[in-house]
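J.: here are the coordinates; sequence isn't available:
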């Protein structure tokens, strides 16, 4: 009984992880739609579009996983692997954004100095 509860809990967490990665969420939704005969509600199609946009943003991590969703069941190893890839991609993106933010702050400080040297008044930059 305890082992079954442990397995159920673990499977629930794997499902949550799958649903946190846009490309895996999209694949799971498409597989579900295919299993149900391919019919999707309008809301599901809109969610699909949102996920597809997120997949494009995350670099399309799922490309090498599969080309067809018919009969697809994502295994735990694939979910863990793709989640790890997605986290690494997010970390790289975050580093790029931090660098861009630093450059913009430096540029802003330079412009503030130019403004101050010309007798300007600063207000509300922060």
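T.: Noted; the coordinates are in hand. Computed from a predicted structure; not experimentally measured.
J.: buried residues in stretch 73-93?
T.: Within stretch 73-93, the residues scored as buried using 16 or more other Cβ atoms under 10 Å are 74, 78-79, 82-83, 85-86. (Each C-beta comes from the backbone N, C-alpha and C, glycine too.)
J.: low-scoring stretches of the chain, by residue?
T.: 38-72, 120-126 (pLDDT under 70).
J.: where is the longest helix in it?
T.: Identified as the longest helix of the chain according to DSSP state H is helix 76-117.
J.: give me the contacts around the helix or strand encompassing residue 17.
T.: Per DSSP states H and E, residue 17 falls inside helix 2-20. Here helix 2-20 makes contact (Cβ atoms under 8 Å, 6 or more residues apart in numbering) with 24-25, 28, 74, 76, 79-80, 83.
J.: again, only this time at 6 Å
T.: Contacts to helix 2-20, defined as Cβ atoms under 6 Å, 6 or more residues apart in numbering, come from residues 24-25, 28, 76, 79, 83.
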